[in-house]
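Enquirer: sequence isn't available, so here's the structure alone:
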């Protein structure tokens, strides 16, 4: 338990612990970096550490405050069947995770956040709001969020989580302490897969590479889906290489076009298909 259980991005963990140890946690923090590297996880750990009864620069996970903090964070995580409650906000929860209900974080969510932020915490010493996918705050709500950062409440801390800081307004970035998260190295991802034991040993190095620095992607990687998506690429490359060397090779353009069409049939997965193709060429 505690920050020692966090995987990868040791510098980000050190930065957070230093802020806690020195009492330098600002009212606005910005966690940015690749998806799946633990930004929201570390933000939730920080929320617990800010309220832990026993430790100053960490959290024990066992005290009454840590356990209540975990309950609040778990409850306020998005439930698609309870969108109305999320739009209204969890007024009596000192720790909250605010996430997009649709494509956006709605203006009603930010309004409710502001109204609660200026009241004193109900159960814990510090109130922490984690705004996940902060770049998805609706444009009508951005000014409300900015005013909150310009006039921060005494007992409330905002942690903005997003992939790219430049998707946020410069005025919002300038009012937050920025902590950058980097892709996790393949050796660490390999160790994660080894500890899980879900991926066969012979495939772990491949999955660690294909995860592209994302712990979440490594943990959820589906080998069977990957093999199905890799098939069209293998057909395409075989059809192209069959006519090599050029220009004298006898290239079967009908086969090439057919295999190309198979690559783009599923528009929703097109970006993932491109990543798989890149991995084959890079390997």
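Expert: Sure thing, it's come through. All figures in this text were calculated on a predicted structure; none of them were measured in a lab. Residues are numbered from 1 along each chain as shown.
Enquirer: just the helices in the chain please.
Expert: 10-22, 39-49, 64-76, 83-88, 107-117, 139-150, 170-173, 186-196, 201-210, 215-220, 223-241, 253-263, 270-282 (DSSP state H).
Enquirer: pLDDT below threshold where in the stretch 151-283 of the chain?
Expert: The stretch 151-283 of the chain contains residues with pLDDT under 70 at 228-283.
Enquirer: what about 80?
Expert: The model of the stretch 151-283 of the chain has pLDDT under 80 over residues 223-283.
Enquirer: the stretch 1-150 of the chain too?
Expert: For the stretch 1-150 of the chain, the stretches with pLDDT under 80 are 1, 24-25, 76-92.
Enquirer: 90 instead?
Expert: Applying pLDDT under 90 to the stretch 1-150 of the chain flags residues 1-2, 21-27, 56, 74-93, 101-103, 106, 108, 111-120, 122.
Enquirer: wait, doesn't residue 95 sit right on residue 74?
Expert: No. Look at residue 95 against residue 74 with Cβ atoms under 8 Å: they stay out of range, at 9.9 Å. (C-beta placed from N, C-alpha, C; glycine too.)
Enquirer: neighbour count winner among the two?
Expert: Remark: of residue 95 and residue 74, residue 95 carries more neighbours, 28 against 11, as counted by other Cβ atoms under 10 Å.
Enquirer: report how many residues lie close to the residue nearest to that one when sequence neighbours are not counted.
Expert: Distances taken as Cβ to Cβ, 6 or more residues apart in numbering place residue 72 nearest to residue 95, at 4.2 Å, with adjacent residues excluded. When neighbours are defined as other Cβ under 10 Å, residue 72 has 22 of them.
Enquirer: contact partners for residue 72?
Expert: Residues in contact with residue 72 (Cβ atoms under 8 Å, 6 or more residues apart in numbering) are 90, 93, 94, 95, 96.
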